[in-house]
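Enquirer: Sequence first, then the predicted structure, then my questions.
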Amino acid sequence: MDTKDSSAIEQLSLKELATRLEPDLLPKHIAIIMDGNGRWAELRSLPRIAGHREGIKSVREMITVCLELGIHALTIYAFSQENWKRPIQEISSLMGLLEYYLSTERSKLIEQGVRLRTIGRLDSLPASALQWVRAAEQETAHLDKLHLTVALSYGGRAEIVDAVRELLHEAEEGKLQPDDVDESRIQQCLYTHDLPDPDLLVRTSGETRISNFLLWQLAYTELYFTPTLWPDFRRRDLLLALLEYQRRERRFGRVLSGISS
Ligand code: IPE
Ligand code: IPE
Ligand code: MG
C-alpha cells in the first residue's frame, strides 16, 4: 500500500474503519508496549503520574474493543524489571495506581468476562499491590471471553532464566534428559505457557525497540510502531493497527504460494 492509500484510510470514520476489518484475519493475541505516558504529561506540564492515570483509559478502551472484535488475548506491558530503576516516587505512584486500577475495575472486568492474569517476578511488588493482584486473578479465574495478561516487574530475559532453572530442577530430579529439551519444552516453562504467541505487537510513543518484552514469544510476531503516545492511543488507533496487520503477509520463512523459483 502506498502513502496515498494509508492517508486515505486515516480519513475514514470509526464505523468505516470497522467495516474494513476482516473477521477471519484478526489477530488472536495482541501484545502492547504501552509507552509515552510521561511525555504525554510533560507536554501538558503535568506530573508524570497524570500520564499514567490517563493511560488507564486507553487500557479500558483496548479491552472493550478486543471484546467487541472477539480477540482472544491481550497482553499489556505495565511495568518492566528495568522500571525499578526509576525514582522511588514514580514507582510508588505506579504501584498506587495499580491498586487503584484493580480495586475500581475489578467488577467491570468480571461483568465483561475478562480473565486477568499477571506475568513477571511478582514477588518484588509491595505486599498490598500483590494482594490486589492475587485477588483479581482469583476472582476472574473462571472467565474466558478475553485473556488479559498484565506484565508486571516483567523481563523477557528473566522469564527465560526462570524457564531454564525449572528445566534444570527437573533434570536434577532425574525427570529430564538433555535430548528432551526442545522448543516446545522450553515454551511450556515460560510464564505464557498457555497462551498462543502474539500475532501483533503494538508499541506506542515512537520508540522502535522491544525493551525486554516477550523475547521468546515475539519470534514471528508482526511489529507495529506508532508515534501516538499511550494515553492518546484509543479505539481508532487500534483499528488502524489492525488494518495494517491485515495487510501484512505472514510468511514464517516460507515462499509465497504461486511464485515460481
Ligand atoms: C510507559 O510510559 C509506562 C511505564 C513504563 C510504566 P513511560 O513512563 O515510559 O513514559 P515516557 O516514555 O517517559 O514518555
Ligand atoms: C517499556 O517502556 C516498559 C513498559 C511500557 C512498561 P520504557 O519506557 O520503560 O522503555 P525504554 O526505557 O524506553 O526502553
Ligand atoms: Mg517510556
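Expert: Yep, it's here. Ligands and ions are numbered 1, 2, ... in the order given.

Enquirer: Just give the closest residue to Leu223, not the sequence neighbours.
Expert: Using CB to CB, 6 or more residues apart in numbering and skipping the chain neighbours, the partner closest in space to Leu223 is Leu201 (5.2 Å). In this view, the C-beta of every residue, glycine as well, is placed from N, C-alpha and C.

Enquirer: SS state for that neighbour?
Expert: Here Leu201 is strand, with the state taken from DSSP: H, G, I helix; E, B strand; the rest coil.

Enquirer: Beta-bridge partners for it, please?
Expert: Ala31, Leu223 (DSSP bridges).

Enquirer: how many neighbours does it have?
Expert: A count of neighbours around Leu201, defined by other CB atoms under 10 Å, yields 25.

Enquirer: What parts of the stretch 51-200 of the chain come near ligand 1?
Expert: Phe79, Asn83, Leu94 (CB under 6 Å from any ligand atom).

Enquirer: is it true that Thr149 touches Val114?
Expert: No. Under the criterion of CB atoms under 8 Å, Thr149 makes no contact with Val114, lying 10.7 Å away.

Enquirer: if you look at the residues of the stretch 51-200 of the chain next to ligand 1, which of them are in strands?
Expert: With DSSP state E as the criterion, strands contain Phe79 from among those.

Enquirer: Could you pull up phi and psi at the closest residue to ligand 2 within the chain?
Expert: Across the chain, no residue is closer to ligand 2 than Ser211, which sits at 3.6 Å (CB to the nearest ligand atom). Note on Ser211: backbone dihedrals following degrees, to the nearest 10 are phi 50, psi 50.

Enquirer: Next up, the contacts around it.
Expert: Taking CB atoms under 8 Å, 6 or more residues apart in numbering as the criterion, Ser211 is in contact with Ile33, Asp35, Tyr77, Ser80, Glu82.

Enquirer: Could you give me the buried positions within the longest helix belonging to the chain?
Expert: Looking only at the chain and at elements set by DSSP state H, the helix with the highest residue count is helix 88-112. The neighbour-count criterion (16 or more other CB atoms under 10 Å) identifies 93-95, 97-99, 101-102, 105-106, 109-110, 112 as the buried residues of helix 88-112.

Enquirer: one step back: I'd like the residues of the stretch 51-200 of the chain next to ligand 1 as TSV, with pLDDT appended.
Expert: Below are those laid out as TSV (pLDDT from 0 to 100):
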residue	pLDDT
Phe79	98
Asn83	98
Leu94	98
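
Enquirer: Same list, the residues of the stretch 51-200 of the chain next to ligand 1, but only the ones touching ligand 2.
Expert: Intersecting these with the contacts of ligand 2 gives Phe79, Asn83 (criterion: CB under 6 Å from any ligand atom).

Enquirer: Distance to Leu17 added to the residues of the stretch 51-200 of the chain next to ligand 1, as a markdown table?
Expert: Output for those, formatted as a markdown table (distance: CB to CB, whole Å):
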| residue | distance to Leu17 |
| --- | --- |
| Phe79 | 31 |
| Asn83 | 33 |
| Leu94 | 32 |
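
Enquirer: rewinding a little: mind checking which of the contacts of Ser211 are buried?
Expert: Among those, the ones that count as buried by 16+ other CB under 10 Å are Ile33, Asp35, Tyr77, Ser80.

Enquirer: any chance you could map the strands in the stretch 101-250 of the chain?
Expert: The residue ranges that make up the strands of the stretch 101-250 of the chain, judged by DSSP state E, counting those that start in this stretch, are 114-119, 146-154, 200-203, 222-225.
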